[in-house]
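> Give me a 3D structure for the following:
(2 chains)
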Amino acid sequence: MEQENILEARNITKVYPGGVVANHNVNLEVRKGEIHALVGENGAGKSTLMKMLFGMLAPTEGQIFVDGKEVHFSSSSDAIAAGLGMVHQHFMQVPSMTVAENLILGAETGNTFKVDRKEAVRITNELSDKYNLKVEANEKVEDISLAMRQKLEILKALYRGAHILILDEPTAVLTPQETEELFEQLKLLRENGHTIIFISHKLNEVKALCSRMTILRDGKTMGTYDIADLDEQEISRLMVGRNVSLDIEKDEADYGKNIFSVKDLVYVDYFGKTRLDHVSFSIRQGQILGVAGIDGNGQSELVEAIVGTLRQQHGTITLKGQDISHAPVRARQEAGISHVSEDRLKYGSAPKLSLEDNTISKVYYTSQLKSHGLIDKKKVSAFTNRILKEFLVKYKSSKQAVSELSGGNVQKLIVGREFDYDADLLIMNQPTRGIDVGAIEFIRKKIVDMRSKKKAILLISADLSEILSLSDAIVVMHEGKIVGYIDDVKKTTENELGLYMLGVKEDSRERIGGAYCE
Amino acid sequence: MDVLQDILRTLSLPDFYFAMFRSATPVLLTTLGAMVASRSGTNNIALEGTMLISAFVGVAVSAFTQSALIGFLGAVFSGFVVSSILAYFVLKLNSNSVISGIALNTFASGATIFVLYLLTGEKGASTSLPSLTLPSITIPLVKDIPVIGTILSGHHILTYAGLILVVVIWYMFKYTRLGMHIRAVGESPDAAESVGISVKKVKYIALSISGILTGMAGAFLSMGYVSLFSSGMTAGRGYIALATQAIAAGNAVVGMLASLLFGFCQSMANYLQSSSIPLQFIQLMPYLIIVIAYTIYCFAMEQRKKKKQFREADKKK
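Here you go, the predicted structure:
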């Protein structure tokens, strides 16, 4: 039986002014009352397609139909009027205003001279109850959690009468528990007759939530499928164009010497808040130690203390028997630390500078790049091209700016630079956050390669499946403390880690002490 | 000790407080203007030049039309025009607002002298132009109350306008749709745009309001207590307003208090001119006090920001 298409895009092509073809003859058919997944790697054209559906961009060619009628949106307002709502990845909210004020912004209650705030609060509570999306109407947005901000974003769309909701990577900012809650709420919306387009590249989520999916690759539709008909392997293949496996094969652990340890690390910030609370652990050669935890529980401070950008008040850091507790940053690098930071555009690279400048940023002062005491451009070029090729970075010229690369390629460049440095300790802080599946696979394989080369690896990640698939041992951090130590990763699950992360479960001191050895 | 006595004696004079309001008026109006622009996300550096041009236009128009009202309207309109030029640079050509603002300021100081010379043959002041002033108002009943009557009654019409506008601007930000849109546009333009608010339009409206308020300040300078334009007569008040609006952090009432602080210092400086302190130092005081006040403010904000940052980090747990 043919079901009614509530939203349809036919042969959409988008060519950007620069001549980049972001969408080429893309087709999308969304049925009324379904949760439809739109999947694809970063740069596959998902965002471009959604912007056209939402009136933020005009298609170069092709037609869009809503409820069977062709529409021509000239702005988001037109799309909103036609019943579309978009939940952007970056929340479109004014932090200093309250939840209720944000809800009504642009479609205010009351009149020109007096905005009716009471009415706004009433509407907020009413919608919140109706769709079971709990928000605090009178709290300022800057004071509420990311999960609540997301609910507000959905409510905003509903307030404007949306019955087709587009959610752009909504789970990127949520914990596993919050994600589950969101899924329940989305299912409730579906039961209420709403249609949802769910953009994601997390395949397990797509499988858990959606009924059908459309896959995009390189700006083209790879088809629309019933999710039940495909397994994750096949979806990955359609997305990436080849077989991808995120379950990285690893050899049996073969540890060498214990080469890195931190002992009793304490860091108290300017306001007396303890960020690191007697953190101790050690890592052996050929071992990957995973650090799990909800963002902001001391992981960033831990990494900063190790690389030397933050000074701990107490505790020692030892690398290869050398005390580096108070050494400056470069001395620590030279002692054998490489670091892939969590924010690749803020700390990991200088986006406006060239690929060459960014690739040599750790070694520019060494003799390997110099001739007659000056930096030798040819050597720089050769050095950069070697690393970029080895790490499969897609680039046009080694002189182009880093900001022109996609997230996955920037990350590959950074990983390439750090892995080429020949360090003994590799700190990988959120190495695959927000990058496409192909790049994730590649970087994870490289991490495992380094493990085989007997490097000690500290892996911090919010992605529990990453921690579980790569780590040989795991410590879980909660409020600056290590609350769990798992030495046999095969015996634990995401749920168990979740309990540690939320502070519900805590191991005994003796057990946690096992993370550290002399 | 003489100085201290002078200060104490000055503080006991009702006339001193009257002068405080008078000195505060141009800064107050400009502070409100700076505030509206700033909350919409544009720093209007051109206030100084806007005020100067408005002061000049007020004198010239009132002299040629022999109507104080038309002169005043001319001053206000020129404020609107200058801010529209700034808006064209910043909103249409996407230029840097600081650089455009400085350009307008330097243009204003040169252009006013040039046109003054064309009109009068003089470069310093418009003494030969028969320009007019706007009236002062005595408030019935209030004027008869001792002390308070002396302080509050008999002020220039624009001083009262300034005080009323404090309430108007405060109300606008707190309750009206436009105020809400200006805040949204200034704080998160993307969020405003996504709910159908035209960011450029709102910013343009805000800059226009800013220009009109600053035009009123210019008119006060040249059509208030003196009927005269002299070159550079704004004497940095436009920049002072940037500091007072920063201290106010978007709150019109605090903006008024900060302006009164400036008025207090300036009027004190006037009263102390006959004391033993060197005149130059006394004239420096109002500016110095505002710089100090701004430094204290920034320091306090920095502390608050840090605290907030950590509170945020805590919440993520």
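> going forward, measure contacts between C-alpha atoms and count neighbours the same way
OK.
> Now do the strands in the stretch 351-500 of chain A.
For the stretch 351-500 of chain A, the strands defined by DSSP state E, counting those that start in this stretch cover A:370-371, A:374-375, A:425-429, A:456-460, A:473-478, A:481-486.
> typed the wrong thing, it's the stretch 1-150 of chain A
Using DSSP E, counting those that start in this stretch, strands in the stretch 1-150 of chain A cover A:5-15, A:21-31, A:35-39, A:61-66, A:69-71, A:84-87.
> Who are the contact partners of residue B:186?
B:38, B:39, B:40, B:41, B:42 (C-alpha atoms under 8 Å, 6 or more residues apart in numbering or on different chains).
> Which residue, other than its chain neighbours, is closest to the third one?
In this case it means residue B:40. Excluding its sequence neighbours, the residue lying closest to residue B:40 (C-alpha to C-alpha, 6 or more residues apart in numbering or on different chains) is residue B:186, at 3.9 Å.
> Now do the same for that neighbour: its pLDDT.
pLDDT recorded at residue B:186 is 94.
> For it, give me phi and psi.
phi -70, psi -40 (degrees, to the nearest 10).
> And the helices in the stretch 201-350 of chain A, which stretches?
Secondary structure of the stretch 201-350 of chain A by DSSP state H, counting those that start in this stretch: the helices cover A:203-209, A:232-240, A:299-307, A:329-336.
> Of the contacts of residue B:186, which is the nearest to residue A:176?
Closest to residue A:176 out of the contacts of residue B:186 is residue B:41 (37.3 Å), distances taken as C-alpha to C-alpha.
> Contact partners for the closest one?
Contacts for residue B:41 were tallied using C-alpha under 8 Å, 6+ apart; they are B:185, B:186, B:187, B:203.
> what's the angle between the lowest-mean-pLDDT helix or strand in chain A and strand A:35-39?
The helix or strand of chain A with the poorest confidence is helix A:232-240; it has a mean of 80 (mean pLDDT, DSSP states H and E). Orientation check (axes from the mean of the first three to the mean of the last three C-alpha atoms, to 10 degrees): helix A:232-240 against strand A:35-39 gives 60 degrees.
> Go through helix A:232-240 and flag the buried ones.
In terms of neighbour count (16 or more other C-alpha atoms under 10 Å in any protein chain shown), helix A:232-240 has its buried residues at A:232, A:235, A:236, A:238, A:239, A:240.
> who does it touch, helix- and strand-wise?
helix A:203-209, strand A:212-217, helix A:437-452 (3 or more C-alpha pairs under 8 Å, 6 or more residues apart in numbering or on different chains; DSSP states H and E).
> Can you check which of those gets nearest to residue A:332?
Closest among those, using C-alpha to C-alpha: helix A:437-452, at 19.4 Å.
> Counting by contacts, list what the closest one packs against.
Counting contacts by 3+ C-alpha pairs under 8 Å, 6+ apart, helix A:437-452 is packed against helix A:232-240, helix A:407-420.
> okay if I get those as JSON lines plus distance to residue B:11?
Formatted as JSON lines, the helices and strands packed on helix A:437-452 follow (distance: least, C-alpha to C-alpha, whole Å):
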{"stretch": "helix A:232-240", "distance to residue B:11": "78"}
{"stretch": "helix A:407-420", "distance to residue B:11": "65"}
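> who's in contact with residue B:120?
Taking C-alpha under 8 Å, 6+ apart, we find residue B:120 in contact with B:126, B:128, B:129.
> Please report the distance of it from residue B:52.
17 Å (C-alpha to C-alpha, to the nearest Å).
> what about the helices in chain B?
B:2-11, B:14-39, B:47-65, B:68-87, B:97-120, B:148-152, B:157-175, B:177-187, B:189-194, B:199-223, B:237-248, B:252-271, B:279-315 (DSSP state H).
> now the angle from the least confident helix or strand of chain A to helix A:437-452?
Going by the same axes, to 10 degrees, helix A:232-240 makes 110 degrees with helix A:437-452.
> picking up where we left off before, of the helices and strands packed on helix A:232-240, flag the one that's most buried.
Among the helices and strands packed on helix A:232-240, the stretch with the highest mean neighbour count (mean count of other C-alpha atoms under 10 Å in any protein chain shown) is strand A:212-217, at a mean of 24.
> Give me the buried positions along stretch A:318-327.
A:318, A:319, A:324, A:325, A:326, A:327.
> Report the contact partners of the nearest residue to the last one once chain neighbours are set aside.
Setting aside the residues directly before and after it, residue A:327 is nearest to residue A:308 in space (C-alpha to C-alpha, 6+ apart), at 7.1 Å. Residues in contact with residue A:308 (C-alpha under 8 Å, 6+ apart) are A:326, A:327, A:328, A:329, A:332.
> Let me have these in a markdown table, extended by pLDDT.
Converted to a markdown table, those look like this (pLDDT from 0 to 100):
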| residue | pLDDT |
| --- | --- |
| A:326 | 93 |
| A:327 | 94 |
| A:328 | 95 |
| A:329 | 94 |
| A:332 | 95 |
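> Out of those, which is nearest to residue A:167?
Using C-alpha to C-alpha, the contacts of residue A:308 come closest to residue A:167 at residue A:329, 41.5 Å.
> Phi, psi for the closest residue to that closest one other than its chain neighbours please.
The shortest distance from residue A:329 to any non-neighbouring residue, by C-alpha to C-alpha, 6+ apart, is to residue A:308 (4.9 Å). Note on residue A:308: backbone dihedrals following degrees, to the nearest 10 are phi 100, psi 10.
> pLDDT value on residue A:308, please?
At residue A:308, pLDDT is 93.
> for residue B:57, same thing?
At residue B:57, pLDDT is 96.
> Look up the closest residue to the residue in chain B that chain A sits nearest to, ignoring the ones flanking it.
Scanning chain B for the residue nearest chain A gives residue B:191, at 4.0 Å (criterion: C-alpha to the nearest C-alpha). Closest residue to residue B:191 apart from its sequence neighbours, by C-alpha to C-alpha, 6+ apart: residue A:92 at 4.0 Å.
> same check, this time on residue B:190
Residue nearest to residue B:190 in three dimensions, not counting chain neighbours: residue A:92, with 6.4 Å by C-alpha to C-alpha, 6+ apart.
> okay, and for the stretch 201-317 of chain B, where does confidence drop off?
B:309-317 (pLDDT under 70).
> Could I get the contacting residues of the residue in the stretch 1-150 of chain A positioned nearest to chain B?
Nearest residue of the stretch 1-150 of chain A to chain B, counting by C-alpha to the nearest C-alpha: residue A:92, 4.0 Å away. Taking C-alpha under 8 Å, 6+ apart, we find residue A:92 in contact with A:153, B:188, B:190, B:191, B:192, B:194.
> My read is that the last one contacts residue A:79, right?
Right, the one you point to is residue B:194. No - Residue B:194 is beyond contact range of residue A:79, at 10.9 Å (criterion: C-alpha atoms under 8 Å).
> The residue of chain B closest to chain A touches residue A:95, doesn't it?
No - in this structure, residue B:191 is not within contact of residue A:95 by C-alpha under 8 Å, at 10.0 Å.
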